[in-house]
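In: Here is my input, please return the structure:
(one chain, ligands or ions: 1)
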Amino acid sequence: MKSIKTLSVTFCIYLLCADVRGEIVSASVAAGLSAIVAGGMAGFNFVICRFKECCGDRWIHENFTGLAEELNSKLYGQYLVVKPVVNHLKGHSKGNPSKALALSFHGWTGTGKNYVARIIAENMYKKGMSSKFVKLISATKEFPHAEMVPLYKDRLREMIESSVKQCEKTMFIFDEMDKMPPGLIDTIKPYLDYYENLGGVDYRKAIFLFLSNTAGGDIAEEAMNYWNEGKKREDIKLKDMELIIQKPALNVISGLWHSELITKHMITAYIPFLPLERKHVKECIRDGLISGGYYKKRSDIPEVKVSEILEELTFYPEGAGIFSTTGCKRVVEKIDYVMEEV
Ligand SMILES: *[C@@H]1O[C@H](CO)[C@@H](O)[C@H](O)[C@H]1NC(C)=O
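Out: Numbering: from 1, shown residues only. Presented below is the predicted three-dimensional model:
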């Protein structure tokens, strides 16, 4: 009886020893293997990332020269936009930013807000709008039902967190921000703040673009005032427009998103998009005629054709017809309409 017990004890001890020994051996084998695997993975990733989009310089090329060039040559009449957009993006990309970059684009439809967002995406990310690090969120498409806000909140939070976890330099484009159901803004706020770390993730390298019509009317009115007073459009100052966009009265009218983000100083900069004049729309028409394949180069385009298409669009104020009501937005369909006639 006694001897059996002793035997089993020794046996147990032996097993334990065997186990420990085995562990030591397997631990060192594992360490060696994981080193090989890690090295292999690095090399593997290096090869993979040549072909497949990865979160690194190869795919996030941040071409600020290209960005400035493209905005200067393809965006018409928005001289208040280019400099702040390029400078803020450039400043934010250097070193360790203290918070996520949040640019708020304001203006009527057709003034170029989406267009600028796309040009930014294309010059920052090799795959442009189709990059997996560029997320386009359209308030009306994605959050149509006010009663489903609790569900939307979870979905939005999950989307932002998983995206930034995957790549710190993710760019979120929120289109139609003014139509976002109230309450969803609360979900975005923490990611725009100065936190170094939020649940183990650093959001400070992320970029948020908020596109809205908010203050579009006030911006247009100010442009109109300048015109009425015989002053040049180019004399409108960015500072004045920023004040107009931040006007307290406007917050009451234009909804919560605006006032909440303004009072908490979460927006890095307000970017005003002025209403377009005839000469600007004409440039869009010329671009559209070329990209639509109707002409090879600008000098081939007859002026009468441009005027004919321009006549299809509406301008205000009545009589004077200075500013386009739809900017460059409906230009392509008007071009097709006029050009198919012949
Ligand atoms: C940046 O963009 C410009 C204009 O599109 C282009 O000529 C240049 O090669 C680009 N530079 C890099 C580093 O991609």
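In: Setting the sequence-adjacent residues aside, check what's closest to the residue in the stretch 1-150 of the chain positioned nearest to the ligand.
Out: Nearest to the ligand, among the residues of the stretch 1-150 of the chain, is G66, at 2.5 Å (Cβ to the nearest ligand atom). (Glycine included, C-beta is placed from N, CA and C.) Nearest non-adjacent residue to G66, counting by Cβ to Cβ, 6 or more residues apart in numbering: N123, 4.7 Å away.
In: helix/strand/coil for that neighbour?
Out: helix (DSSP: H, G, I helix; E, B strand; the rest coil).
In: contacting residues for it?
Out: Going by Cβ atoms under 8 Å, 6 or more residues apart in numbering, N123 touches H61, E62, N63, F64, G66, L67, E70.
In: Of the residues you listed, which is the nearest to Y294?
Out: Taking Cβ to Cβ as the measure, Y294 sits nearest to E70 out of the contacts of N123, at 22.5 Å.
In: Now do the contacts for the closest one.
Out: Taking Cβ under 8 Å, 6+ apart, we find E70 in contact with I119, E122, N123.
In: Show the model's pLDDT score for A215.
Out: At A215, the model reports a pLDDT of 86.
In: Pretty sure it sits against I244.
Out: Yes: counting by Cβ atoms under 8 Å, A215 touches I244, with 6.4 Å between them.
In: Mind checking which of these two has more residues around it?
Out: The neighbour count for A215 versus I244, taken as other Cβ atoms under 10 Å, is higher for A215 (28 against 17).
In: Can you tell me how far that one is from the ligand?
Out: 32 Å (Cβ to the nearest ligand atom, to the nearest Å).
In: Show me the shaky parts of the stretch 101-250 of the chain.
Out: 248-250 (pLDDT under 70).
In: how about the strands of it, start to end?
Out: With DSSP state E, counting those that start in this stretch, the ranges of strands along the stretch 101-250 of the chain come out as 101-106, 134-138, 171-175, 207-212.
In: Partner strands of the second one, with direction?
Out: Read it as strand 134-138. For strand 134-138, the paired strands and their directions (DSSP bridges) are strand 171-175 (parallel).
In: which residues touch the partner strand?
Out: Contacts for strand 171-175 (Cβ under 8 Å, 6+ apart): 114, 117, 120-121, 124-125, 133-139, 160, 163, 180, 188, 206-211.
In: circling back to that earlier point, may I see the ChimeraX selection of the buried members of the contacts of N123?
Out: A single ChimeraX command selects the buried members of the contacts of N123 (16 or more other Cβ atoms under 10 Å):
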select :67,70
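In: Among the contacts of N123, which are located in helices?
Out: When the contacts of N123 are checked against helices (DSSP state H), the matches are F64, G66, L67, E70.
In: Dump these to a markdown table, plus pLDDT.
Out: As requested, the ones in helices among the contacts of N123 are arranged in a markdown table below (pLDDT from 0 to 100):
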| residue | pLDDT |
| --- | --- |
| F64 | 97 |
| G66 | 97 |
| L67 | 98 |
| E70 | 96 |
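In: Now compare those and name the two farthest from each other.
Out: Top of the distance list for those (Cβ to Cβ): F64 and E70, 10.7 Å.
In: Show me what from the stretch 1-150 of the chain comes close to the ligand.
Out: H61, N63, T65, G66, E69 (Cβ under 6 Å from any ligand atom).
In: Between those residues, which sits nearest V47?
Out: Comparing those against V47 with Cβ to Cβ picks out H61 as the nearest, at 19.1 Å.
In: OK, contacts around the closest one?
Out: H61 neighbours (Cβ under 8 Å, 6+ apart): N123, M124, Y125, K126.
In: JSON lines for the contacts of N123, including distance to E283?
Out: Below are the contacts of N123 laid out as JSON lines (distance: Cβ to Cβ, whole Å):
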{"residue": "H61", "distance to E283": "28"}
{"residue": "E62", "distance to E283": "28"}
{"residue": "N63", "distance to E283": "23"}
{"residue": "F64", "distance to E283": "24"}
{"residue": "G66", "distance to E283": "20"}
{"residue": "L67", "distance to E283": "19"}
{"residue": "E70", "distance to E283": "14"}
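In: of all the contacts of N123, which comes closest to R50?
Out: Looking across these and measuring by Cβ to Cβ, the closest to R50 is H61, at 13.9 Å.
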